[in-house]
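**Student:** The following comprises the amino acid sequence and a computationally predicted model.
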Amino acid sequence: MFSIYILTYNEELDIAACIESAMLSDDIIVVDSCSSDRTVEIASSYPIRVVQHAFESHGRQRTWMLESIPPKHEWVYILEADERMTPELFAECEKASQNPDYIGYYVAERVMFMNHWIRYSTQYPRYQMRLFRHGKVWFTDYGHTEREVCEGATSFLKETYPHYTCSKGLSRWIDKHNRYSTDEAQETLYQLEQGKVNWQDLFFGKSEVEKRRALKDLSLRLPARPLLRFLYMYFMLGGCLDGRAGLAWCTLQAFYEYLILLKVWEMKYLPKPNLEVAAILAQESPQQLQVQGADSETTQADMV
């Protein structure tokens with residue numbers, strides 16, 4: 001058996017189905033980032049633990065969770081509210097956790113969009129670190145998401161999990177990726193100034209994770225990134241085989257890439273407002289008006 005952490009923020013539409021899919025475990029912990037909807041209320045109706053902690057970043061939230069909320073079992077699995085645990089994946093996780101050779105396992109997602117599995121244009125299988133021995137894996141921030149730091153050997157599971165990436169509607173997806181693009185723009189600037197491409201991992205990486213991360217670092221340095229990303233996803237990866245949903249998905253990803261580029265330009269070339277100066281000017285403005293008013297009254301009195 002292993003414990004399951006579920007990360008949430010305003011997930012009232014997804015949280016019930018997510019928890020029910022995870023009830024195969026006898027230790028479920030919902031870690032909520034102070035939702036303003038009914039997420040906590042719904043989660044609290046189940047026989048699980050619910051803990052709230054203000055969100056700082058994806059990496060910090062995971063690290064705080066692992067350090068501050070002790071699980072019942074030695075092995076833990078991280079699940080997000082728009083994802084589901086499956087019986088097949090749960091069974092493989094239980095078996096894998098008995099192997100003393102590894103401290104963690106990567107699991108591939110199946111992106112579900114417009115009621116369709118986006119198999120080709122999502123670089124399937126795209127792996128995430130999800131199952132690991134507690135105390136052996138930590139997380140750091142990278143762009144809008146996080147990267148794991150593992151203290152030991154890792155491996156890969158065969159079973160996958162469904163990820164309903166647009167389950168709360170397209171407007172929510174756009175709002176979320178508008179926030180994400182700001183973090184990605186900051187990471188892009190940092191990588192261009194101080195980072196580098198790991199060519200060895202790009203061509204000779206030991207895993208798909210290493211190759212994909214090196215490819216992303218390379219993509220940050222390519223011209224016309226939005227167009228290249230669309231062509232790469234739709235034609236080279238085979239997004240055209242995903243049908244209408246694939247075309248919509250590739251278009252949205254190209255738009256997201258373009259939004260990142262625009263914010264990179266904004267951060268580099270637009271002056272940042274000095275909030276302290278603005279506050280001082282705001283305080284001085286009423287005083288200046290009073291002085292001007294007093295001067296005007298004095299002048300009128302002198303004229304009389």
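**Tutor:** Here it is on my side, so go on.
**Student:** rest of the way, CA atoms for contacts and neighbours
**Tutor:** Noted.
**Student:** Quick one, grab the pLDDT at Ser21.
**Tutor:** In this model, Ser21 is scored at 98, pLDDT.
**Student:** Around the nearest residue to it once chain neighbours are set aside, how many other residues sit close by?
**Tutor:** Distance criterion CA to CA, 6 or more residues apart in numbering; nearest residue to Ser21, sequence neighbours excluded, is Met85 at 5.2 Å. Neighbourhood size, Met85 [other CA atoms under 10 Å]: 23.
**Student:** wait, Met85 sits on Cys18?
**Tutor:** Yes. Counting by CA atoms under 8 Å, Met85 touches Cys18, with 7.4 Å between them.
**Student:** Would you map the helices across the chain?
**Tutor:** All helices of the chain, identified by DSSP state H, fall at 15-22, 39-43, 58-68, 87-96, 170-194, 199-204, 208-219, 225-231, 243-269, 275-303.
**Student:** Tabulate these (CSV), appending distance to Glu74 and mean neighbour count.
**Tutor:** Shown next, in CSV, are the helices of the chain (distance: least, CA to CA, whole Å; neighbours: other CA atoms under 10 Å):
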stretch, distance to Glu74, mean neighbour count
helix 15-22, 17, 19
helix 39-43, 23, 19
helix 58-68, 12, 17
helix 87-96, 12, 16
helix 170-194, 32, 15
helix 199-204, 32, 14
helix 208-219, 25, 17
helix 225-231, 41, 18
helix 243-269, 38, 18
helix 275-303, 48, 11
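**Student:** would a markdown table of these with distance to Lys136 be doable?
**Tutor:** As requested, the helices of the chain are exported to a markdown table (distance: least, CA to CA, whole Å):
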| stretch | distance to Lys136 |
| --- | --- |
| helix 15-22 | 23 |
| helix 39-43 | 28 |
| helix 58-68 | 10 |
| helix 87-96 | 15 |
| helix 170-194 | 26 |
| helix 199-204 | 23 |
| helix 208-219 | 18 |
| helix 225-231 | 35 |
| helix 243-269 | 33 |
| helix 275-303 | 42 |
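**Student:** right, so of those, which gets closest to Tyr77?
**Tutor:** helix 87-96 (8.6 Å; CA to CA).
**Student:** so what's the closest residue to Thr145 other than its chain neighbours scoring on pLDDT?
**Tutor:** Closest residue in space to Thr145, ignoring its immediate chain neighbours: His58 at 5.6 Å, by CA to CA, 6+ apart. Per-residue pLDDT puts His58 at 93.
**Student:** do the one 10 residues further on as well
**Tutor:** The predicted structure scores Ser68 at 98 on the pLDDT scale.
**Student:** OK, contacts around Ile260?
**Tutor:** Shown in contact with Ile260 (CA atoms under 8 Å, 6 or more residues apart in numbering): Ser181, Thr182, Glu184, Ala185.
**Student:** Thanks again, I'm all set now.
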